[in-house]
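Trainee: Sequence and computational prediction follow.
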Amino acid sequence: MSTIAQKRSFGAAVWDYLTTVDHKKVGILYFAAGFFFFLLGGIEAMIIRIQLAVPNNDFVSAGTFNEMMTMHGTTMIFFAAMPILVGFMNAIMPLQIGARDVAFPFLNALGLWLFVFGGLLVNISWFVGGGAPDAGWTSYASLAMNSTAHGVDFYATGIQISGFGTLMGGINFLVTIINMRAPGMTYMRMPMFTWTTFITSALILFAFPPLTVALFLLTFDRMFGSNFFNVAAGGNTIIWEHFFWIFGHPEVYILILPAFGIFSEIISTFSRKRLFGYSSMVFATVLIGFLGFMVWAHHMFTVGLGNIANAIFAVATMAIAVPTGIKIFNWLLTMWGGSIKFTTPMLYAAAFIPSFVMGGVTGIMQAAAPADYQYHDTYFIVAHFHYVIVGGVVFGIFAAVHFYWPKLFGRMLNETLGKITWALFVIGFHLTFFIQHFLGLMGMPRRVFTFLDGQGLTSGNMISSIGALTMAVAVIVLLINVAITTVKGEAVANDPWGDGRSIEWAIPSPPPFYNFKQLPLVRGLDAFWLEKMEGRTEMTPAEPIGEIHMPNGSFIPFMMSFGFFVASFGAIFNQEHAWGIPVLIIGLVIAFGSMLARSLKDDHGYHIPKSELMDDSEKGVKA
């Protein structure tokens with residue numbers, strides 16, 4: 001298998017991506033699918049804002065509005081923000097620890113395709129089954145059980161399939177970080193993004209099983225006639241809320257921790273300083289992961305759990321602000337006295353700190369249970385979590401896209417267009433969501449499809465909708481930037497920003513498929529920076545050049561995921577169509593047949609001979 005890139009036919013390139021187990025290509029596929037769903041979620045958000053731009057609007061019906069709102073939340077959380085971040089974990093983390101791939105490349109590809117088919121399944125509900133899910137992205141059992149169309153069934157099966165993929169990814173990253181670090185890469189020498197990937201993966205491991213259980217029970221209630229949530233038959237709808245939020249609150253940390261890691265890398269790179277308080281940052285990350293499981297019932301202060309339960313969760317919620325505060329001050333102190341370069345990623349980092357702090361402060365306001373009785377289910381809550389998720393996670397994603405694009409694709413995104421995107425998005429974001437705090441305090445409830453004139457809500461909603469339009473324009477500028485760069489971007493060297501600190505900046509851009517010809521020797525935190533300070537332009541190798549073992553690609557992950565996708569239609573339609581059970585069986589046969597094929601096939605991978613690697617060192621590596 002030659003490492004010299006050749007212009008291949010389009011079909012060969014597609015087949016390469018369908019069968020790839022290379023962590024970088026898997027990461028790129030996560031981005032591609034994630035951004036596709038991000039655009040869908042954005043279109044749904046725009047429809048919501050158009051409907052609420054003026055009083056008594058009838059742009060969409062009440063039922064369609066519920067579907068839009070449900071699909072916007074579901075798509076953005078499960079199929080956009082998470083996969084894009086998992087894509088960065090996939091593409092960058094192995095490079096940061098000096099690994100040639102993840103621990104289980106086959107599982108990595110399987111996780112990707114399960115996510116893709118799960119996301120498609122939920123979105124296909126717009127066209128089949130009588131409409132999209134309409135019980136809110138949290139799909140509370142009392143609403144979900146009374147939803148007449150099949151949308152909620154698509155929601156339950158699609159997220160179930162996608163969740164299995166995420167769970168596989170989490171386990172994979174844990175094993176990779178524990179077992180596959182380069183010589184000298186101790187835990188306390190790992191880059192901050194690798195640390196946040198590590199803690200996030202642990203959160204995935206513990207947070208997804210409760211969601212799996214809840215969706216399993218919902219599936220059985222709706223499709224097979226059980227009564228877990230049917231109060232009349234002795235069931236309990238509140239238990240859904242516990243299951244959902246025991247997953248749901250760690251989920252917001254699963255989203256924000258990778259963004260924290262990305263900003264830690266960006267701020268230290270462009271301040272040209274070691275991250276201030278590295279060990280306290282690691283400790284704070286671990287503490288956030290630990291406390292994240294102790295606060296779920298703050299979403300349920302108004303359920304009636306009683307004063308003692310409310311007080312305990314209120315205190316825990318306030319406590320989790322402390323490690324986050326530690327991080328904020330460490331970032332500020334990293335910039336303090338640094339030689340700062342305001343590149344596009346650094347601008348996002350600068351906008352992130354005040355935006356995220358505002359989201360955090362409104363979170364502490366809600367942590368006071370009596371006050372939460374006023375805020376609960378108003379637009380104040382909508383403003384709060386968008387300040388955290390957009391002002392934290394989405395800013396982090398956009399920053400990472402600009403920061404790591406040259407490393408993954410070997411071309412630099414246009415900085416001018418990047419700064420235009422940044423300005424439009426940051427202004428649009430604050431226009432959209434800042435005013436919503438006040439709309440909420442004025443009494444505007446969440447999830448209402450219209451409001452009356454003369455309630456004092458008219459101008460606030462108009463401002464919010466204008467802000468949403470501004471964000472949409474920003475995303476279009478970003479897409480134009482990507483298109484221009486892809487067509488005529490200039491090739492860049494291994495360290496395009498000039499200030500790279502960790503070892504991913506020591507290898508070519510884009511990296512060769514085996515990442516490292518020789519595993520690097522890591523001699524401290526910011527290992528590449530240490531080498532540069534001693535006048536070297538690459539890492540000191542930890543081993544002589546030898547043959548490299550690599551995994552073979554496989555089409556089986558795609559087929560396995562496709563099998564579960566087909567089976568889902570059978571399960572969803574089994575009650576009213578005779579073909580339901582046969583389709584269910586066919587899908588399971590495809591899935592389990594693929595598993596059997598994988599089990600019986602003896603695939604030992606292949607070796608890159610030493611001679612080919614020596615050729616590269618003479619010719620200059622081409623990926």
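Mentor: Yes, it's here. Numbers count the residues shown, from 1 in each chain.
Trainee: For the rest of this, base every contact and every neighbour count on C-alpha atoms.
Mentor: Noted.
Trainee: next one: stretch 246-265 to chain centre, how far?
Mentor: Distance of stretch 246-265 from the chain centroid (Cα atoms, centre = their mean, to the nearest Å) equals 9 Å.
Trainee: residues making contact with it?
Mentor: For stretch 246-265, the surrounding residues in contact (Cα atoms under 8 Å, 6 or more residues apart in numbering) are 81-82, 85, 89, 191-197, 199-201, 203-204, 207-211, 275, 285, 288-289, 292-293, 295-296, 331, 349, 389, 392-393, 396-397, 399-400.
Trainee: Okay, and which of the residues you listed map to strands?
Mentor: Among the contacts of stretch 246-265, no member falls in strands (criterion: DSSP state E).
Trainee: ok, of these, which come out buried?
Mentor: 81-82, 85, 89, 191-197, 199-201, 203-204, 207-211, 275, 285, 288-289, 292-293, 295-296, 331, 349, 389, 392-393, 396-397, 399-400 (16 or more other Cα atoms under 10 Å).
Trainee: could you say what helices and strands the helix or strand where Phe403 lies packs with?
Mentor: Using DSSP states H and E, Phe403 sits in helix 395-409. Secondary-structure packing of helix 395-409 (3 or more Cα pairs under 8 Å, 6 or more residues apart in numbering; DSSP states H and E): helix 82-97, helix 238-271, helix 344-367.
Trainee: want to throw those into JSON lines with mean pLDDT and distance to Asn172?
Mentor: As requested, the helices and strands packed on helix 395-409 are arranged in JSON lines below (pLDDT from 0 to 100; distance: least, Cα to Cα, whole Å):
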{"stretch": "helix 82-97", "mean pLDDT": "96", "distance to Asn172": "10"}
{"stretch": "helix 238-271", "mean pLDDT": "96", "distance to Asn172": "15"}
{"stretch": "helix 344-367", "mean pLDDT": "96", "distance to Asn172": "28"}
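Trainee: Give me the number of neighbouring residues for Ala597.
Mentor: Neighbour count of Ala597, defined by other Cα atoms under 10 Å: 12.
Trainee: Can you tell me the closest non-neighbouring residue to it?
Mentor: What sits nearest to Ala597 in space, not counting adjacent residues and going by Cα to Cα, 6 or more residues apart in numbering, is Ile556, at 8.0 Å.
Trainee: What segments of this protein are strands?
Mentor: Under DSSP E, the chain gives strands at 548-550, 606-608.
Trainee: Run me through the strand neighbours of the first one, direction for each.
Mentor: To tie it back to what came earlier, the one meant is strand 548-550. Applying DSSP bridges, strand 548-550 is found paired with strand 606-608 (antiparallel).
Trainee: Please compute how far the strand it pairs with lies from its chain's middle.
Mentor: 33 Å.
Trainee: What are the buried residues along it?
Mentor: For strand 606-608, by 16+ other Cα under 10 Å, it's Ile608.
Trainee: what mean pLDDT does that strand have?
Mentor: The pLDDT scores in strand 606-608 average 91.
Trainee: and what of stretch 223-237?
Mentor: Here the average pLDDT along stretch 223-237 is 91.
Trainee: okay but Leu121 is in contact with Ile161, surely?
Mentor: No: counting by Cα atoms under 8 Å, Leu121 stays clear of Ile161, with 9.1 Å between them.
Trainee: May I see the strands of the chain organised as a markdown table, with distance to Gly363 added?
Mentor: Shown next, in a markdown table, are these (distance: least, Cα to Cα, whole Å):
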| stretch | distance to Gly363 |
| --- | --- |
| strand 548-550 | 47 |
| strand 606-608 | 52 |
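Trainee: who wins for proximity to Ile48 among those strands?
Mentor: strand 548-550 (47.9 Å; Cα to Cα).
Trainee: As a check, name the ranges of all helices in the stretch 151-300 of the chain.
Mentor: Listed in chain order, the helices of the stretch 151-300 of the chain (DSSP state H, counting those that start in this stretch) span 151-179, 192-224, 238-271, 278-291.
Trainee: right, so of those, which gets closest to Pro445?
Mentor: Nearest to Pro445, of all the helices of the stretch 151-300 of the chain, is helix 238-271, at 19.8 Å by Cα to Cα.
Trainee: how big is the angle separating the closest one from helix 82-97?
Mentor: Counting by axes from the mean of the first three to the mean of the last three Cα atoms, to 10 degrees, helix 238-271 points 50 degrees away from the direction of helix 82-97.
Trainee: What residues of helix 238-271 count as buried?
Mentor: 238, 240-271.
Trainee: all helices for the stretch 1-150 of the chain, in order.
Mentor: 10-19, 23-51, 62-74, 82-97, 105-124, 141-144.
Trainee: and the helices and strands packed on helix 395-409 as TSV, adding distance to Thr458?
Mentor: Putting those into TSV (distance: least, Cα to Cα, whole Å) gives the following:
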stretch	distance to Thr458
helix 82-97	34
helix 238-271	31
helix 344-367	23
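Trainee: nearest to Ser142, of the ones you listed?
Mentor: helix 238-271 (8.6 Å).
Trainee: on that earlier part again, closest to Gln366 out of the helices of the stretch 151-300 of the chain?
Mentor: Smallest distance to Gln366 across the helices of the stretch 151-300 of the chain (Cα to Cα): 14.2 Å, for helix 238-271.
Trainee: Could you list the low-pLDDT ranges of the protein?
Mentor: Counting by pLDDT under 70, the chain contains low-confidence ranges at 1-8, 615-623.
Trainee: Give me the most central residue, it.
Mentor: The centroid of the chain falls nearest to Met82 when counting by Cα atoms, centre = their mean (1.9 Å).
Trainee: For the residue nearest to Ala597, list the residues it contacts.
Mentor: Contacts of Ile556 (Cα under 8 Å, 6+ apart): 19, 594-595, 597-598.
Trainee: Show the buried residues in these.
Mentor: Looking at these with 16+ other Cα under 10 Å, the buried ones turn out to be 19, 594-595, 598.
Trainee: Columns distance to Phe516 on top of those, output as CSV?
Mentor: Shown next, in CSV, are the buried ones among the contacts of Ile556 (distance: Cα to Cα, whole Å):
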residue, distance to Phe516
Thr19, 22
Ser594, 32
Met595, 31
Arg598, 28
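Trainee: Tell me the spacing between the nearest residue to His384 once chain neighbours are set aside and Phe352.
Mentor: Spatially, and ignoring its direct neighbours in sequence, His384 is nearest to Gly359 (5.3 Å; Cα to Cα, 6+ apart). Using Cα to Cα, to the nearest Å, Gly359 is found at 10 Å from Phe352.
Trainee: So which of those two has more stuff around it?
Mentor: Per other Cα under 10 Å, whichever of Gly359 and Phe352 has more neighbours is Phe352, with 26 against 20.
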